[in-house]
Every structure is written in structure tokens, then in C-alpha cells.
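pasting the structure only:
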């Protein structure tokens, strides 16, 4: 059984006090009493005088014993407390190195209860900071890449038009318009993600039926799915429940997931939407075949700018932010998200609390 830190410190002080008392008691019993007996028996000192000498000796021995006991107690307490608080010192030193930019530092973990737990939490925090820093660098790189492609195309067209290398035409202006829409879409996605993370937009919770929202959102994609020959099968029996949600944000979750399924599905593919009832939530699963090779890094699909097998879809303007927005919205409602890859099939799922 692990004891709280305050209890440990109290025990350490109690041990120190007990040591002092034991030393004093030993001094009185073994030294002062022997001295008194010697005075009475060997030297025939009168009892009254011997009593005074005994009291004086006791005072001297008590002082010496108390002083010695305090030294022993302080040394023992210092050693015990230093051993118990050693991880705290290591954490402080680690924090100083982290503030200096050294993210490679780790604190050695010991078996000292709460203080050891602090070392474990510190190490997890450092790992999280390293992951966040790497994600920030990747995000800057990916944003630069996403911005550079349409900007390069726009610049090329404008320079060609300015140098009269090509003549203005409806097709060229349509292409420029498409590239500008890619930039606007990327900016909108970044803004939505920033707002979701910073909670700029408070949730407007009301009561909605989950199956109704799913069916209404599916209607928005009827033309897109028809053009691609994408067949949609669904089992929404478990979703015939009223839930508490921001209906606009819930619809955004479904739009992003359906957009992702449409974008990455092959011509004539199949999309299956299944709902399952859980004890305290409803699970929604969207499974579709993928037109591109998939990797098994399921845990990264909801990270910003992550894309699995982007060949053939990058030109469509996939910035890799849709699933990150889904994660922020679902988790803000108390739900969870996840993904699974099995062969050429990918499943995106989320749970919504009842």
C-alpha cells in the first residue's frame, strides 16, 4: 500500500523524535544510574549529596544525549526526506532544461509514491510536447505546401497572360477560379479548426434525432455519389434516438466524414453507414473501399494534414483538415473518434453520448 507524502513526512519526523527519546532513555538508564550507584556504594557518599550529584549528572547526560540524538535524528531525517523528494529535484532540473529548449530530457522514475508519479507525469508531458512540436513543424510544412501549389498555378497563369504567351479564355479563368477556391477552402478549414480548438464558437445544444441528421446530410451528397457511382447502404436503426448536440456542428461532422468517403472511394465503390447502440452512447461507423493504397497508421488519420494514400486526390484540394475538425467537434461534445484499416477498406467511427 502506498502512503501519501504527508503521512510519509510525518512518519519520518516521528522516527526522528523516537530516536531522540531512545538515546536519552539509554543514557539515563545505563550511564546516570551507574554513576549514582558507584557514588553510594564505592565511595560511601551521603545519599543527600549523592542525590545532588546524580541530578547534576543526569542534566549533563540529558543534554549530551539530547544533542547527540538530535544530530542522529537530523541526519536520518535528511537522508530519508532526500530519498523521498529526489524525483522532485530531478523534475525541477528537467523543467529548467525544457524551458531552455532541450526536449530530450527525461526524469528517472523511482518508487516514491506521489513524487514518483510526478516524474511519470512529467515524462508524459515532455513526450506530448515533443509530439506537439513535431506536429507544429509538420503543419507549417504542409500548410506551405498546400498554399504553394495553387499559388504557383495562379502565378504561372498570370505571368503567361501578362507576357501574352497565352490568350485569355474562359477555360483559363475557370482554372484560376478553381485554384482560388482551393485557397479559400484551406483558409476556411484552418479557421474552423482554430475555432473548434479555442472554443471561439460556444456550443448551442438542443435535442435532435441522430438518424434524421444523418439522412438529411446524405441528401446533400446524392449528386456527388451518383456521379461517382458510389452505392450507399445504411443501417440506422440504433440511431433512432434523441441526442443532445449542436445540430450545426453535428452536421459538420457528418459532412466532413461523407466528403472524406466520397473523395477516397473508387468509381462504383460502396459506402456502408452503420449505427450501434452502446450503454451510454451511439456509435456511427462509415466504411468505404479506398481508391488508393492505405497504411496502417490508424491513430494518425484524425491528425491535422494527415492523408493516407494521397495519390490521385491531392489535385482535388484535400488539405487533410476535415478529420481533425471532426475530432475537435466530437470530443467537445464528450464523444470519441477512431479509424480502422482492413485491406482496401477504411472505417471512420465516432461515438456520441446519449
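Received, thanks. Bear in mind that the values here come from a model prediction, so they are computed numbers and not experimental data.

What about residue 337, how many residues nearby?
Counted with other Cβ atoms under 10 Å, the neighbours of residue 337 add up to 20. For every residue, glycine as well, the C-beta is placed using N, CA and C.

Report the beta-bridge partners for it.
Here residue 337 sits in beta bridges with residue 350, going by DSSP bridges.

what sits against it?
302, 323, 326, 327, 330, 331, 348, 349, 350, 351 (Cβ atoms under 8 Å, 6 or more residues apart in numbering).

And it, what's its pLDDT?
On pLDDT, residue 337 comes in at 90.

One more: residue 215?
Checking the pLDDT column for residue 215, the value is 91.

right, and it touches residue 236 too?
Yes: in this structure, residue 215 is within contact of residue 236 by Cβ atoms under 8 Å, at 7.3 Å.

ok, those two, which is more surrounded?
Taking neighbours as other Cβ under 10 Å, residue 215 and residue 236 compare with residue 236 leading, 17 against 14.

Contacts only, for that one.
210, 211, 214, 215, 273, 275.

change it to 7 Å
211, 214, 275 (Cβ atoms under 7 Å, 6 or more residues apart in numbering).

Skipping its backbone neighbours, what lies nearest the first one in space?
If the residues on either side of it in the chain are set aside, residue 211 comes closest to residue 239, at 3.9 Å by Cβ to Cβ, 6 or more residues apart in numbering.

number of nearby residues for the one you found?
With other Cβ under 10 Å as criterion, residue 239 counts 24.

quick one, phi/psi of residue 353?
Backbone torsions of residue 353, given as degrees, to the nearest 10, read phi -70, psi 150.

thought it was touching residue 335?
Yes: if you go by Cβ atoms under 7 Å, residue 353 and residue 335 touch, sitting 6.0 Å apart.

what sits in contact with each of those two?
residue 281.

returning to that earlier point: thought the residue nearest to residue 211 was touching residue 214?
Yes: look at residue 239 against residue 214 with Cβ under 7 Å: they come within range, at 6.2 Å.

anything in contact with each of those two?
Counting by Cβ under 7 Å, 6+ apart, residue 239 and residue 214 have no common neighbour.

Residue 109: what secondary structure?
For residue 109, the assignment made with DSSP: H, G, I helix; E, B strand; the rest coil gives coil.

Backbone torsions only: list them for the nearest residue in space to it that is not next to it in sequence.
Excluding its sequence neighbours, the residue lying closest to residue 109 (Cβ to Cβ, 6+ apart) is residue 119, at 4.8 Å. Main-chain torsions, residue 119, degrees, to the nearest 10: phi -60, psi -40.

Next: residue 346.
Torsion angles, degrees, to the nearest 10, at residue 346: phi -130, psi 140.

Can you tell me how far the nearest residue to it once chain neighbours are set aside is from residue 336?
Leaving aside its chain neighbours, residue 346 sits nearest to residue 290 (5.3 Å; criterion: Cβ to Cβ, 6+ apart). The gap separating residue 290 from residue 336 is 23 Å, by Cβ to Cβ, to the nearest Å.
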